[in-house]
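J.: please work out how this folds:
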Amino acid sequence: MARKLKPRTPFAERLIAARGELPRAEFAVRMGLPLTTVAGWERGVSFPPPEALVRISEMFRVSLDWLIAGRATPFIENPMPPVDESLLVRIHEVVHATAAEEGVALSPQKHARIIAGLYCDLVRVFDTPEERRLGLRALLPQLRRDIMAD
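T.: Predicted coordinates:
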């Protein structure tokens, strides 16, 4: 069990509030960072770089203005777009085929994490299904690196 951190700054308190029930270790995994880095942010002894702040804002759907300065309302009201099931299926097929080509057996957790990450990246960056499919092709080199990692 992770020990309770004592936030020293208002930012650290807001970060912990934004994380909510998500375990700190899972938050660190989703951010692709060491647990000690996230713990430092949540204690208030360090501060995330701008690109991490944007990822946190997107991950927890909180406004940057609230997260950084405590102004405005915390949660972004944009509705979630409908799930593009055909894109999810295509990503699954590509991940499975790429892992087989590389001779790597992915754990179910890693397989799901890669699929979810690709899906979120594609939906966030590209507006149309056609653009997302092209984007998936462009991400193949990164996918190979992700599959080989660990």
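J.: only C-alpha atoms for contact and neighbour calcs from this point on.
T.: OK.
J.: number of residues surrounding P74?
T.: Neighbours of P74 under the rule other Cα atoms under 10 Å: 19.
J.: show me what contacts it?
T.: The contact partners of P74, by Cα atoms under 8 Å, 6 or more residues apart in numbering, come to 62-63, 66-67.
J.: what residues go with each domain of this protein?
T.: 10-69, 85-148 (automatic domain parsing).
J.: how far does the last one sit from the chain's center?
T.: What it means is domain 85-148. Mean C-alpha position of domain 85-148 versus that of the full chain (Cα atoms, centre = their mean, to the nearest Å) differs by 14 Å.
J.: ok, back up a step: go through the domains of the chain and pick out the most buried.
T.: Of the domains of the chain, the one with the most neighbours on average (mean count of other Cα atoms under 10 Å) is domain 10-69, at a mean of 16.
J.: okay, strands next: where are they in the chain?
T.: For the chain, no strands are identified by DSSP state E.
J.: shaky segments in it?
T.: Judged by pLDDT under 70, the chain has its weakly predicted residues at 1-5, 75-81, 150.
J.: residue closest to the middle of it?
T.: R30 (4.7 Å; Cα atoms, centre = their mean).
J.: sorry, back to before: which one of the contacts of P74 is nearest R14?
T.: Looking at those and their distance to R14, the nearest is L67, at 6.1 Å (Cα to Cα).
J.: separation between L67 and E85?
T.: For L67, the distance to E85 (Cα to Cα, to the nearest Å) stands at 32 Å.
J.: same check, this time on L53
T.: Taking Cα to Cα, one finds L53 at 29 Å from E85.
J.: kindly report the same for K6.
T.: 42 Å.
J.: A52 too?
T.: The value you get for A52 to E85, if Cα to Cα is used, is 28 Å.
J.: ditto for T73
T.: From T73 to E85 the distance is 32 Å (Cα to Cα).
J.: cool, F11 as well?
T.: Separation of F11 from E85 (Cα to Cα): 37 Å.
J.: just T128 next, same as before
T.: According to Cα to Cα, T128 and E85 sit 13 Å apart.
J.: for S63, same thing?
T.: 28 Å.
J.: over to L139?
T.: L139 is 19 Å from E85, by Cα to Cα.
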